[in-house]
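In: let me see the structure of the following:
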Amino acid sequence: MPVTLLPTRLPRGIQDGIGRTVGGLGITPNMISLFGFFGNLAAAWLITRENLLAAGIVYVVFSALDLVDGAVARATGSASPFGAVFDAVLDRASEAIVLAACGWYFSERGEQIQAAAAYAAIFGSIAVSYMRARAEVMGLSMRDGLFRRQERVALLTIGLLFNALTVVVAVLALLANFTALQRFWMLRGGLREEA
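Out: Sure thing, here's the model as predicted:
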């Protein structure tokens, strides 16, 4: 049974309206994905400058664009396998860069344990996505798990906005890696059923 802590998408009617409006402006889904990536780069830079509140605002705004690019692709009929891969790669890169900036932030403050937690969170984040990718290569669906991308983005936003980065990064490291192990176990079970 899927574990969902946050909605993964907007209601269909809202998606369609946004997709038609944005697509009507001549903006492509790949442009939105790229714009979101550069916004997350800006958030990462703000973290390294120790401006956590501004980083949190920028991060949540540009991460929310992930809800828009797919809606535009569907509304304009421009969805493509390349676009899906391009979006996924930029999403993973965005998350890794922001977490690496958190590691930098902690290192500059001499907080080595917290920096290590940030890098562990990067590993967990990438491992969660990797498990899904491997499952899909094997023909299995893998959208389940306790702590998927939307939960990670929401939690990191809270940490940035409320100056609770130490606790939030530790929780991210723990839960992202737990989710990777959870997906590994699901993948193992799915492959055994197929055998």
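
In: contacts, neighbours, all on C-alpha from now
Out: Noted.

In: state the helix or strand in which residue 142 lies.
Out: Element membership for residue 142, per DSSP states H and E: none, as it lies in no helix or strand.

In: and it, what does it touch?
Out: By C-alpha atoms under 8 Å, 6 or more residues apart in numbering, the contact set of residue 142 is 131, 132, 135, 136, 183, 187.

In: and if you look at residue 148?
Out: 128, 176, 179.

In: tabulate the residues you listed (CSV), appending distance to residue 27 and pLDDT.
Out: Shown next, in CSV, are the contacts of residue 148 (distance: C-alpha to C-alpha, whole Å; pLDDT from 0 to 100):
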residue, distance to residue 27, pLDDT
128, 30, 92
176, 33, 95
179, 35, 93
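
In: pick the one among those residues closest to residue 107.
Out: residue 176 (21.2 Å; C-alpha to C-alpha).

In: now the closest one: closest residue in space that isn't a chain neighbour?
Out: In space, and not counting its chain neighbours, residue 176 is closest to residue 124: 4.6 Å by C-alpha to C-alpha, 6 or more residues apart in numbering.

In: please, which helix or strand holds that neighbour?
Out: Judged by DSSP H and E, residue 124 forms part of helix 112-137.

In: and that helix, what does it pack against?
Out: If you count contacts as 3 or more C-alpha pairs under 8 Å, 6 or more residues apart in numbering; DSSP states H and E, helix 112-137 packs onto helix 81-108, helix 165-194.

In: how about the ones you listed in a markdown table, adding mean neighbour count?
Out: Converted to a markdown table, the helices and strands packed on helix 112-137 look like this (neighbours: other C-alpha atoms under 10 Å):
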| stretch | mean neighbour count |
| --- | --- |
| helix 81-108 | 19 |
| helix 165-194 | 18 |
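
In: so residue 114 touches residue 170, yeah?
Out: Yes - using C-alpha atoms under 8 Å, residue 114 makes contact with residue 170 at a distance of 7.2 Å.

In: gap between the helix or strand that contains residue 23 and the chain center?
Out: Under the criterion of DSSP H and E, residue 23 resides in helix 12-24. Its chain's C-alpha centre and that of helix 12-24 lie 22 Å apart, by C-alpha atoms, centre = their mean, to the nearest Å.

In: right, I'll call it a day here.
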